[in-house]
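Colleague: give the three-dimensional model of this entry:
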Amino acid sequence: MFGIILGLIVLMVLAYLGWSIIWVAPIAAGIVALTGGLDLLEAYTGTYMSGFVGFAQQWFPVFMLSAIFGKLMDDSGMAKSIAISLSKLMGKKRAILGVLLSCAVLTYGGISLFVVVFAVYPLALSMFREANISRKIMPATVALGAFTFTMTAIPGTPQIQNLIPMPYFETTPTAAPVMGITAAIIMGAGGYFYLLWRQKKLSASGEVFEEPKDKKTMDEGGQMPHVILSLLPLITVLATLNLLGWDIVVALIAGILLIMVLNLHKFKGFPKSLNSGAVGSITAIINTSAAVGFGTVVREVPGFAQLTDLLLGVRGNPLISEAVAVNILAGSTGSASGGMGIALEALGSQYYELALETGISPEAFHRVASLASGGLDSLPHNGAVLTLLTITGLSHKESYKDIFVVSVLIPVVAVIAAIILASLGIY
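Modeller: Next comes the predicted model:
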């Protein structure tokens, strides 16, 4: 257990200092392996790389196609068209709200968090540019919309973090609606007002929007597509994924093809955008895979079993024990779904029995597990956080403090509120 904690500290501190997770994660995993009695070479070439390669195998097509989709949306001017229209509709002062709602709609619509990061970034970039807001709080804005209330709280969300608890507690995606909606309000409203405060603070100190170094578009000096046409690719991806049930890979290809068809007059710029998007996805997938590899090694050491036993022994309200267990395991693995999956696989049957014995609704256990998975998971080594910072071109030093507030601190408060409601018999 000491090795797990030490490895986590090394990983988080070095990642925060801006050192590449690509080589930091294997070192941190090595610390865990050595202190856990594993063979160092086998832990790296076998256990670590199995987690690394497994994640890359599963997610690379989505990462690449999402990056290409986002790059084409940006370079074609479609994202800018949508951003300007949203700015006019809500006013430039509500750019943060516009990005937040865009992320929330896509995430609640069932699009993967990783996909949302790629798809919304060009829109966020344009809206922040129009409103002249510092890019430093852009990652936190996206994180609030995609990594919090639509991922774990709103009843019925199709995100996997809301689906994993179902077989363990015999529940549905709409489990404990009052607890979920209350937590969603705390996360959404709390995070939004915090970001508004940060925006004012940055503006007062003279920090405003600065163009990213690699900003090049195909539509410079040209006419932007109409907003209706610009929305069609986003609607296509959302509709084919959720209404037609297409695989996300096929849905993204459909969106990419539609962008190209609607912008045939800009075909000369397509190869550059396609190349740039594809190359840009490489760093993101490798960073995330490196963090997943670390979590794979953590799960293999004996200290991990001791950790789960210790968590199960937390006295008092069993919902508190569950929240602590899921949060710590999600933080240890750097994954909301991974940490919750491990926690419920090890402890789910015991929590279900406790629900029956104590009279606490299994729906409350479902919702607390889901909400808790979205707390400590967003520590500096989290794959989605690394992807978000890579895509936005910002560092942990520049933006992680704000990410921490909206996707770790406030969600933990929301879990506490949900447990209080459950203790009062309100689900």
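
Colleague: tell me who's in contact with residue 164.
Modeller: Contact partners of residue 164, counting by Cβ atoms under 8 Å, 6 or more residues apart in numbering, are 337, 340, 341, 344, 369, 370, 373. C-beta coordinates here come from the backbone N, C-alpha and C atoms, glycine included.

Colleague: closest one of those to residue 409?
Modeller: residue 373 (15.6 Å; Cβ to Cβ).

Colleague: could you dump the contacts of residue 164 into a markdown table and include neighbour count?
Modeller: Formatted as a markdown table, the entries for the contacts of residue 164 read as follows, by neighbours: other Cβ atoms under 10 Å:
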| residue | neighbour count |
| --- | --- |
| 337 | 19 |
| 340 | 30 |
| 341 | 22 |
| 344 | 25 |
| 369 | 30 |
| 370 | 33 |
| 373 | 32 |
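
Colleague: show me where pLDDT drops low in the stretch 101-250 of the chain?
Modeller: Scanning the stretch 101-250 of the chain with the threshold set as pLDDT under 70 gives 214-222, 242.

Colleague: apply 90 and report the result again.
Modeller: Applying pLDDT under 90 to the stretch 101-250 of the chain flags the ranges 101-127, 129-131, 155-160, 162-164, 174, 210-224, 227, 230-231, 233-249.

Colleague: so where do the helices sit in it?
Modeller: Per DSSP state H, counting those that start in this stretch, the stretch 101-250 of the chain carries helices over the ranges 113-131, 138-146, 149-152, 160-163, 166-169, 177-204, 227-242, 248-262.

Colleague: may I see the buried residues of stretch 246-264?
Modeller: Counting neighbours by 16 or more other Cβ atoms under 10 Å, one finds that the buried residues in stretch 246-264 are 246, 248, 251-256, 258-260, 262-263.

Colleague: between these, which is nearest residue 161?
Modeller: Of all those, the one sitting nearest residue 161 is residue 248; the distance, using Cβ to Cβ, is 16.4 Å.

Colleague: hang on, the closest one packs against residue 114?
Modeller: No - in this structure, residue 248 sits apart from residue 114 without contact. The criterion is Cβ atoms under 8 Å, and the distance is 9.8 Å.

Colleague: check contacts around residue 374.
Modeller: 147, 148, 151, 152, 153, 161, 330, 336, 407, 411.

Colleague: ok, residue 403 next?
Modeller: Contacts of residue 403 were listed using Cβ under 8 Å, 6+ apart, and they are 139, 140, 143, 378, 385, 388.

Colleague: out of those, which comes closest to residue 54?
Modeller: Checking the contacts of residue 403 against residue 54 with Cβ to Cβ, the nearest one is residue 385 at 19.9 Å.

Colleague: which element is the closest one on?
Modeller: helix 383-392 (DSSP states H and E).

Colleague: convert that helix to CSV, retaining C-alpha atoms only.
Modeller: Listed next in CSV are the C-alpha coordinates belonging to helix 383-392 (Å, rounded to 0.1, in the frame of the first residue of the first chain):
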residue,chain,number,x,y,z
GLY,A,383,-6.4,10.0,-18.9
ALA,A,384,-9.2,12.4,-19.8
VAL,A,385,-7.4,15.3,-18.0
LEU,A,386,-4.2,14.5,-19.9
THR,A,387,-6.1,14.4,-23.2
LEU,A,388,-7.8,17.7,-22.4
LEU,A,389,-4.6,19.5,-21.6
THR,A,390,-2.9,18.0,-24.6
ILE,A,391,-5.7,19.1,-27.0
THR,A,392,-6.0,22.6,-25.6
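
Colleague: give me the neighbour count for residue 313.
Modeller: Burial measure for residue 313: 8 neighbouring residues, criterion other Cβ atoms under 10 Å.

Colleague: again, but for residue 228
Modeller: Applying other Cβ under 10 Å, we find 11 residues neighbouring residue 228.

Colleague: kindly report the same for residue 93.
Modeller: Neighbour count for residue 93, taken as other Cβ under 10 Å: 12.

Colleague: my guess is it meets residue 131, correct?
Modeller: Yes - with contacts counted by Cβ under 8 Å, residue 93 reaches residue 131, the gap being 7.0 Å.

Colleague: check contacts around residue 225.
Modeller: By Cβ under 8 Å, 6+ apart, the contact set of residue 225 is 76, 77, 78, 81, 262, 263.
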